[in-house]
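Peer 1: predicted coordinates and the sequence they were generated for:
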Amino acid sequence: MRSPRLNGARGAALLVAGAYCAARGVAYLPLGARPDALPRGLELIANPPVTLEAWAVLWLIAGVVCVVMAFRRQDAVGWGALTFMMTAWGAAYLYGWIEALVLGIESREWLTATTYLGPAAMIGILSIWHTRRSRAV
């Protein structure tokens, strides 16, 4: 039986993505003290029926998917799991920042939004480019 083989640079990047997702997941598990007040973006996505703990599990699942897909040539599901999570969180923080602007509240949630949405956009652009290039060959 052949041992699994990493899918080159894409696979290596998915391993990093898996670690990133796992770190996010562990960070949001109810393991320690929780701050009294959450940023508005985090409040938006951490309300029932999808609690912060449920998001932690989703981050962990995305991490496992990324690691598994790192060893497959057809790795789109891994990239999709990563960008879905990043886009959902980025959109929530962006909305929280816009809401703060409208209410005249000082907020730096735009920065958190860009740290999620910027890389998600880069991954999307590179994935589209890679797919088109692969089909052209």
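Peer 2: Everything's here; your move.

Peer 1: skip the chain neighbours and tell me the closest residue to the most centrally placed residue in the chain.
Peer 2: Nearest to the mean C-alpha position of the chain, counting by CA atoms, centre = their mean, stands residue 86 at 3.0 Å. In space, and not counting its chain neighbours, residue 86 is closest to residue 120: 4.0 Å by CB to CB, 6 or more residues apart in numbering. For the C-beta atoms, the positions are set from N, CA and C on the backbone; glycine is no exception.

Peer 1: next one: residue 99
Peer 2: residue 40 (6.0 Å).

Peer 1: is it correct that that neighbour is in contact with residue 109?
Peer 2: Yes - the criterion here is CB atoms under 8 Å, and residue 40 meets it with residue 109 at 6.5 Å.

Peer 1: what sits against the residue nearest to the centre of the chain?
Peer 2: 116, 117, 119, 120, 123 (CB atoms under 8 Å, 6 or more residues apart in numbering).

Peer 1: got the confidence number for the last one?
Peer 2: In this case it means residue 123. pLDDT, residue 123: 93.

Peer 1: phi first, then psi, for it.
Peer 2: phi -60, psi -40 (degrees, to the nearest 10).

Peer 1: show me the contacts for it.
Peer 2: Contacts of residue 123 by CB under 8 Å, 6+ apart are 79, 82, 83, 86.

Peer 1: tell me who's in contact with the closest residue in space to residue 75 that isn't next to it in sequence.
Peer 2: Here the nearest residue to residue 75 in space, its sequence neighbours aside, is residue 69; by CB to CB, 6+ apart that works out to 4.3 Å. Neighbouring residues of residue 69 by CB under 8 Å, 6+ apart: 7, 14, 75, 76, 77, 78, 79.

Peer 1: coming back round to it: any idea how far the residue nearest to the centre of the chain lies from residue 70?
Peer 2: 17 Å (CB to CB, to the nearest Å).

Peer 1: over to residue 52?
Peer 2: 27 Å.

Peer 1: appreciated, that's everything.
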